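Peer 1: Quick one, what's the 3D model for this:
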Amino acid sequence: MAAKKNIKNNNPVRITQPRSERLLKGKAWTEKYDGKNMVRGYAKHFRVDLLCAIKELRLLGIQVTEQYEQAVKQTLEARARQKQLNEEHKSPTSADPMGDSDDNFAFIIGYTSGGAPYGVSWEDMPPEEDPS
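Peer 2: Okay, the predicted model is just below:
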């Protein structure tokens, strides 16, 4: 049996630091930052969300416009709404245990990421037997 190699992981685990530490390190970070979007860079570097990054950059004296903050909020709300819609499409409705149906599908199994339904078409369904 071959001996196990001792493999060192070169990817250090970075945890989110407390705000007080981030603000201390953030001042030096902002001075040497040369990217295009400081808010995104701060959020990625310190592992915080965009709204937290905006708040902390303002505490550090960096100007972030209200319009940018509103745009970020709208984007986050739109993502939350889309996620909720996707979850609703994935779970069958409690009123109909067999799932949904429409003009094209006798039984809708699910929805694609774009929102298009897929399932068993009416043509593929076996004919109903007459109970008499």
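
Peer 1: looking at this protein, which helix or strand is least sure?
Peer 2: Here the helix or strand of the chain ranked lowest by mean pLDDT, DSSP states H and E is strand 105-111, holding a mean of 79.

Peer 1: contact partners of that strand?
Peer 2: Outside strand 105-111, the residues that touch it by CB atoms under 8 Å, 6 or more residues apart in numbering are 86, 89-90, 98-102, 117-122, 124-125. (Each C-beta comes from the backbone N, C-alpha and C, glycine too.)

Peer 1: Outline the domain layout of the protein.
Peer 2: Following automatic domain parsing, one finds the domains of the chain at 15-91, 92-125.

Peer 1: Return the most buried member of those.
Peer 2: domain 15-91 (a mean of 13; mean count of other CB atoms under 10 Å).

Peer 1: now that one, how far from the chain's geometric center?
Peer 2: 14 Å (CA atoms, centre = their mean, to the nearest Å).

Peer 1: SS state for the residue nearest to residue 35 when sequence neighbours are not counted?
Peer 2: Spatial nearest neighbour of residue 35, excluding adjacent residues (CB to CB, 6 or more residues apart in numbering): residue 41 at 4.6 Å. Using DSSP: H, G, I helix; E, B strand; the rest coil, the structure places residue 41 in helix.

Peer 1: hang on, residue 14 in a strand?
Peer 2: No: Residue 14: not assigned to a strand; according to three-state DSSP it is coil.

Peer 1: which ones are touching the nearest residue to it once chain neighbours are set aside?
Peer 2: Among residues not flanking residue 14 along the chain, residue 47 sits closest, at 6.3 Å (CB to CB, 6+ apart). Residues near residue 47 by CB under 8 Å, 6+ apart: 14, 15, 16.
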